[in-house]
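Engineer: Please find the sequence and the predicted model below.
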Amino acid sequence: MENVTIMDHPLIQHKISRLRDKTTGTNEFRTLVSEIAMLMGFEALRDLPTELVEIETPIETTKQPMIAGKKMAIVPILRAGLGMVDGVLNLVPSAKIGHIGLYRDPETHEPHEYYCKLPEPIDQRTILVVDPMLATGGSGADAITMIKQHGGKNIKFMCIIAAPEGLERLHKEHPDVQIYVGALDRQLNENAYICPGLGDAGDRIFGTK
Ligand SMILES: O=P(O)(O)OC[C@H]1O[C@H](OP(=O)(O)OP(=O)(O)O)[C@H](O)[C@@H]1O
Ligand SMILES: O=c1cc[nH]c(=O)[nH]1
Ligand SMILES: [Mg+2]
C-alpha cells in the first residue's frame, strides 16, 4: 500500500511484544510506549526538511544541514495518544503540541469528539498524529478530518498496532497521509478490539479500568 510503512525493526518488535503481555504493569507499559514512539518517530520523521546553515568548526567555516524552522506539531488523540508524546518530543524538543479528544462509543464503536486545540499556523506545520491503536480506523480518520478542517495539510499518522480493517479505512479516507504502523495484527473481534492486540491501550497506560 502506497504511503504505508510497517516497521520491521527487531527492537520495535521486541518492545511491542512486551506491551502485549498482560502481566506487563502500568509503569513498564508507559515506558515501552514512549520508547516505541521514539524509535518509530525516528523513521517517520526521516523526510523532515533541512536547510544549510553556516557553522564555524575549529578548522574552518562550512555550510551543514539543520532542521529547517520549527514548524512541527505532534497531535495525540486523547487519551492513549498522550503516552506517545514524550518519545517524539525527545527527537524534536521544540515541536508544538495539539490535542484531539475522541472516545469510542462502547456499543457502536463510533468515535465522539470532545476536544480540539491545534497550534497555529497549522497549515505550515508537519503534523504527526499519534495514537497507539488503529482498530476500526474511525478515530484516526476523524482526527485527520478535523485537522484538515482546521487547515492542516502535511499530515502523518503513527500507531503502534493496527488492524487490517482500520489501516484500509484510514488509507482509503486519507490517501495523502503517510501512515506508520509498528505491527499489523490479524483482525478485530466482535467488540472491535484488535486481536491479538494488547487490550485497551488507554486503560493500560493510565491504570484505569
Ligand atoms: O480505530 P478505532 O476503532 O476508532 O479505535 C481506536 C481508538 O480507541 C482507543 O481510544 P478510546 O476510545 O479507548 O479512548 P481512550 O484513549 O480515552 O481510552 C484508541 O486509543 C484509539 O483512539
Ligand atoms: O484493541 C483495541 C481497540 C481499540 N482501542 C484499544 O485501546 N485497543
Ligand atoms: Mg481506551
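Structural biologist: Yep, it's here. Ligands and ions are numbered 1, 2, ... in the order given.
Engineer: Write out the residues of this structure neighbouring ligand 1.
Structural biologist: Within reach of ligand 1 by Cβ under 6 Å from any ligand atom, the chain has these residues: 77-80, 102-104, 109, 111, 131-140, 166, 192, 200-202. All C-beta spots, glycine's among them, are computed from the backbone N, C-alpha and C.
Engineer: Confirm that residue 183 sits in a strand.
Structural biologist: Yes. Under DSSP: H, G, I helix; E, B strand; the rest coil, residue 183 falls within a strand.
Engineer: Is there contact, residue-wise, from the longest helix along the chain to ligand 2?
Structural biologist: Looking across the chain with DSSP state H, the single longest helix is helix 26-44. No. Judged by Cβ under 6 Å from any ligand atom, helix 26-44 stays clear of ligand 2, getting no closer than 11.5 Å.
Engineer: go on, stretch 133-143?
Structural biologist: Yes. Under the criterion of Cβ under 6 Å from any ligand atom, ligand 2 is reached by stretch 133-143 at 133, 135.
Engineer: what helix or strand does the residue in the chain positioned nearest to ligand 3 sit in?
Structural biologist: Nearest residue of the chain to ligand 3 (Cβ to the ion) works out as residue 202 at 3.2 Å. Counting by DSSP states H and E, the element that carries residue 202 is helix 201-206.
Engineer: can you check residue 51 too?
Structural biologist: Short version, using DSSP H and E: residue 51 is in strand 50-56.
Engineer: Within the sheet, what are the partner strands of the following helix or strand past that strand, with directions?
Structural biologist: Note on strand 50-56: by DSSP H and E, the next helix or strand toward the C-terminus is strand 61-67. Next to strand 61-67 in the sheet, as set by DSSP bridges, lie strand 50-56 (antiparallel).
Engineer: contacting residues around the strand it pairs with?
Structural biologist: Under the criterion Cβ atoms under 8 Å, 6 or more residues apart in numbering, residues 61-69 lie in contact with strand 50-56.
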